[in-house]
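> This is a predicted model, with the sequence first.
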Amino acid sequence: MKTWNLCKEFLAITFATIIVGAAVFFFLIPSHVTVGSISGLAVVLENFIPLRISAITMILNVVLLLAGFLLIGREFGAKTVYTSILLPVVIGVLEIIFPENTSMTADPFLDMLCYIFLVSVGLAMLFNRNASSGGLDIVAKLLNKYFRMDLGKAMSMAGMCAALSSALVYDKKIVVLSVLGTYLNGLVLDHFIFGFNGKKRVCILSEKEQEIKNFILYTLHSGATIYEAIGAFDDKPHREIITIVDKNEYAQLMRYIAKTDDKAFVTVYTVNEIIYRPKV
C-alpha cells in the first residue's frame, strides 16, 4: 500500500511538472516575457550563453537545488531533485518535437496570461505535495518556511529580479509585461493554493447547540471548541461553538445549520494556515 501511495504521489508530481514545462515552452519562450522564474531567466541568458534553454534551466536548478536540500529538508529535496531534472527534460523533449515553436496567440500579453494560468495550476499541485519545480520555487519555499510569507508573494518577490533582467535584452513593453506578469502570477498562485487547501473557521451561536455539536463531531468527524460568551445587549450567558472545516464540510455544516436552526448566529472566516501537532 505504501508503494502504491508513493507511485501515485510521483505520478501526480510528474503530471504537474509536465504542465509547468508545457507552459514554459508554449507561452513563455515564444513571447520572451520573462515572468519571474528560472526558466524565464534562462530565456534571457540564452542571449548570452550558447546553450539551449533546457540546458541553462538544468544548470541553474542544480545550484538552487543544493540550497533547498540543505535548508528545507530531505523530503522536499528528494522530490525536487526529480522535478528539477524532469522539467528541463520536458522542455528539451518539446524543443526536439517542435523545433520551430512560435507563439500560439501572436500576442505577448495573451501569452503571459495563458502562461500564468497554466503554470499556477502546476505549481500549486507541486507545492501542495511539498515539492517544487526547482529554481525560484525553492527560494519561495524558503521564504515561506522561515518568514511565514505567503507562497504567492514569496514567488513574486523572488521572481521580480528575474523579470527585471529582461531589460538587458528586450524592449520596454516586454519588461513591463514581465514585471506585471510576475505580480499577477503570485496572486493567481495564491488563489490556486488556497483553493486546494482553504479552510473555514465557523463560529456558531444557537439554541440547538447540542445537535450542531454532535453533527460536527460524529457526522463531519471534525473537532470543535466551546466558548462561554456573554451577550452585551442582554448580559445573558451563551455558548459559542467554533470549528475549522474544509470547503466540503463547510457546505454540509451550513446546510445542517439552516435546516436545524434558521435563527442561528453564524460568522465565518477564511483560514489560510493551520499549525497543529497532534498528541501522540
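Sure, I can see it. Since the model is a prediction, treat every value here as computed from it, not as a measurement. Numbering: from 1, shown residues only.
> contacts and neighbour counts: CA atoms only from here.
Fine.
> Now Glu100: phi and psi?
phi -110, psi 40 (degrees, to the nearest 10).
> how close does the residue nearest to the spatial centre of the chain sit to Glu228?
Nearest to the mean C-alpha position of the chain, counting by Cα atoms, centre = their mean, stands Ala124 at 3.2 Å. Per Cα to Cα, to the nearest Å, Ala124 is found 39 Å from Glu228.
> ok, now Met155?
From Met155 across to Glu228, the span is 42 Å (Cα to Cα).
> and whatever helix or strand Gly92 lives in, what other elements does it pack with?
If you go by DSSP states H and E, Gly92 is part of helix 74-97. Secondary-structure packing of helix 74-97 (3 or more Cα pairs under 8 Å, 6 or more residues apart in numbering; DSSP states H and E): helix 2-23, helix 53-71.
> Run a quick neighbour tally on Leu51.
Burial of Leu51 is recorded as 13 neighbouring residues (other Cα atoms under 10 Å).
> helices or strands next to the lengthiest helix in the chain in the packing?
When the chain is parsed with DSSP state H, its longest helix is helix 172-197. Judged by 3+ Cα pairs under 8 Å, 6+ apart, the packing partners of helix 172-197 are helix 108-127, helix 151-164.
> Mind checking the pLDDT average for it?
The average pLDDT within helix 172-197 is 78.
> Show me what secondary structure element comes after it.
strand 199-205.
> distance between that next one and the chain's centre?
24 Å (Cα atoms, centre = their mean, to the nearest Å).
> Identify the residues contacting that strand?
Contacting residues not belonging to strand 199-205 are listed as 238-247, 250, 264-272 [Cα atoms under 8 Å, 6 or more residues apart in numbering].
> Repeat the analysis, applying 6 Å as the threshold.
Applying Cα atoms under 6 Å, 6 or more residues apart in numbering, the external contacts of strand 199-205 come out as 240-246, 264-271.
> roughly how far apart are Thr57 and Asn47?
According to Cα to Cα, Thr57 stands 14 Å off from Asn47.
> Looking at these two, which is more packed in?
For Thr57 versus Asn47, neighbours defined as other Cα under 10 Å are more numerous around Thr57 (27 against 12).
> how near is that one to Ser84?
9 Å.
> can you check Ser156 too?
Noted for Ser156: a distance of 20 Å to Ser84, by Cα to Cα.
> neighbour-wise, which of the two wins?
Taking other Cα under 10 Å, Ser156 and Ser84 do not tie; Ser156 has more neighbours (28 against 25).
> Contacts only, for that one.
Thr182, Tyr183, Gly186.
> give the contact list for Gln210.
Contacts of Gln210 (Cα under 6 Å, 6+ apart): none.
> Please apply the same query to the one 4 residues further on.
Residues in contact with Asn214 (Cα under 6 Å, 6+ apart): none are found.
> Also Leu118?
By Cα under 6 Å, 6+ apart, the contact set of Leu118 is Ala23.
> Over to Lys79?
Neighbouring residues of Lys79 by Cα under 6 Å, 6+ apart: Ala131.
> All set, thanks.
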